[in-house]
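Undergrad: Have a look at this prediction, sequence included:
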Amino acid sequence: MAARPERLREIVSGNPGCPDVVIDEVQKLPELLEVVHGLIEEKVGRRFVLTGSSARKLRRAGVNLLGGRAAHLSMHPFMAAELGDEFSLERALRHGMLPVVMGSQDRESQIQAYCGVYLKEEVQAEGLVRNVGNFARFLEAVSFSHGAVLNLANVARECQVKRPTLEGYLSILEDLLLAWRLPVFTRRAKRELANHPKFYFFDTGLFMANRARGPLDAPSEIDGAALEGLVAQHLKAWCEYSRGKNDLHYWQTRSKVEVDFVVYGDSYFYALEVKNTERIRPVDLQGLKSFAKDYPESKQILLYRGAERLRRDGVLCMPCEEFLRNLKPDTFPA
């Protein structure tokens, strides 16, 4: 194919009984997009499915991205509802929900290998960074920002790289679909809000594989970030899999009153707070109650590690595992 991309046209023409044409890792041979474009224009009656793990190479090459002729869909890690009885909250918090990891007999080794493959094959082989060691240190440093407001100056100082280099590293993570940033909810704002996004790895297992642990690292802090990240990846998948336009944000005032997630869409307006605790304290509800004052149209949900579903001070408190198991596209378990 690399020597003669037009060979794809011959294969399609020679197999009229095959309705679907699947091309995996299409970013490794962008020239195929021109051939696909031509076949679509000729209305050959086939469905083309093009998959890839990076858009960076395609954008840099300035190739035909099939604008207006193809639907863009995202594939996320498993959702709990997809796994049914096979879902385990504890395992998901430890190893994440990537199919390649969940199908392994040794999930710990598999997630470590997954990180190594990306460092070696995607980053080093494509020449995305000059110093892979610096990039590896960056991954560890930025893991401390998982589920937190991203402070670029602090991360740059921690991994000892200049800020422009750090911004380039972040761009690489996002282009490789390994991380994403969560914006602030600012619609009809009634008070001054934070203006920096929060940062998340796309899967909790990736966070756990890169997060350093030692005597100064409280397990509760790491577990709390893992739980919030697990909810984040489920909500992001839900927004993209559900019909209609649904956006995910967080909310934080300048005085640090915060709500972890805001789901805003055609038919949905939810504020969610995630707490890694089995008992609910009054302070745990403060952010949601403040948000409700500014947005009385919203519904407030507190997710926690307890076993009871209850309503307290107008806030629905729900076991986190129950919420994740029942979160399905076009259905919100509230």
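TA: Good, I have the coordinates. Numbering: from 1, shown residues only.
Undergrad: number of nearby residues for residue 81?
TA: Residues within reach of residue 81, counting by other Cβ atoms under 10 Å, total 18. No exception for glycine: its C-beta is placed from N, CA and C like everyone else's.
Undergrad: State the helix or strand in which it lies.
TA: helix 80-83 (DSSP states H and E).
Undergrad: residues making contact with that helix?
TA: 87, 89, 92, 97, 102, 234, 321, 324, 325, 326, 327, 328 (Cβ atoms under 8 Å, 6 or more residues apart in numbering).
Undergrad: residue boundaries of the helices in this structure?
TA: 7-14, 32-41, 56-61, 80-83, 89-95, 99-102, 107-117, 132-143, 152-159, 163-175, 204-210, 219-241, 286-294, 320-326 (DSSP state H).
Undergrad: most tightly surrounded among those?
TA: helix 204-210 (a mean of 25; mean count of other Cβ atoms under 10 Å).
Undergrad: elements contacting it?
TA: helix 89-95, helix 107-117, helix 132-143, strand 198-201, helix 219-241 (3 or more Cβ pairs under 8 Å, 6 or more residues apart in numbering; DSSP states H and E).
Undergrad: Other residues contacting it?
TA: 92-98, 101, 107, 111-112, 114-115, 139-140, 142-143, 146, 178, 200-201, 222, 225-226, 229-230, 233.
Undergrad: quick revisit: now tabulate the helices and strands packed on helix 204-210 in CSV and tack on distance to residue 173 and mean pLDDT.
TA: CSV is the format used below for these (distance: least, Cβ to Cβ, whole Å; pLDDT from 0 to 100):
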stretch, distance to residue 173, mean pLDDT
helix 89-95, 20, 96
helix 107-117, 12, 88
helix 132-143, 8, 86
strand 198-201, 8, 97
helix 219-241, 14, 96
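Undergrad: Need those in a markdown table (columns: distance to residue 278).
TA: Shown next, in a markdown table, are the helices and strands packed on helix 204-210 (distance: least, Cβ to Cβ, whole Å):
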| stretch | distance to residue 278 |
| --- | --- |
| helix 89-95 | 13 |
| helix 107-117 | 26 |
| helix 132-143 | 26 |
| strand 198-201 | 24 |
| helix 219-241 | 12 |
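Undergrad: how is this protein carved up into domains?
TA: 7-61, 80-326 (automatic domain parsing).
Undergrad: about what we covered before: farthest pair in the contacts of helix 80-83?
TA: 102 and 326 (19.7 Å; Cβ to Cβ).
Undergrad: what sits up against stretch 218-233?
TA: By Cβ under 8 Å, 6+ apart, stretch 218-233 touches 76-77, 92-94, 97, 146-148, 182, 200-204, 207-208, 211, 213, 248, 260-261, 272, 274-276, 303, 305, 320, 323-324.
Undergrad: Now list the buried members of those residues.
TA: Neighbour counting over the contacts of stretch 218-233 (16 or more other Cβ atoms under 10 Å) leaves 76-77, 92-94, 97, 146-147, 182, 200-204, 207-208, 211, 248, 260-261, 272, 274-276, 303, 305, 320, 323-324 as the buried ones.
Undergrad: before we move on, the earlier item: list just the nearest of the contacts of helix 80-83 to residue 18.
TA: Nearest member of the contacts of helix 80-83 to residue 18, counting by Cβ to Cβ, is residue 102, at 30.3 Å.
Undergrad: The closest one against residue 78, yeah?
TA: Yes: counting by Cβ atoms under 8 Å, residue 102 touches residue 78, with 6.5 Å between them.
Undergrad: Can you tell me which of the contacts of helix 80-83 is nearest residue 153?
TA: Among the contacts of helix 80-83, and counting by Cβ to Cβ, the member closest to residue 153 is residue 234, at 30.7 Å.
Undergrad: how close does residue 216 sit to residue 210?
TA: According to Cβ to Cβ, to the nearest Å, residue 216 and residue 210 sit 17 Å apart.
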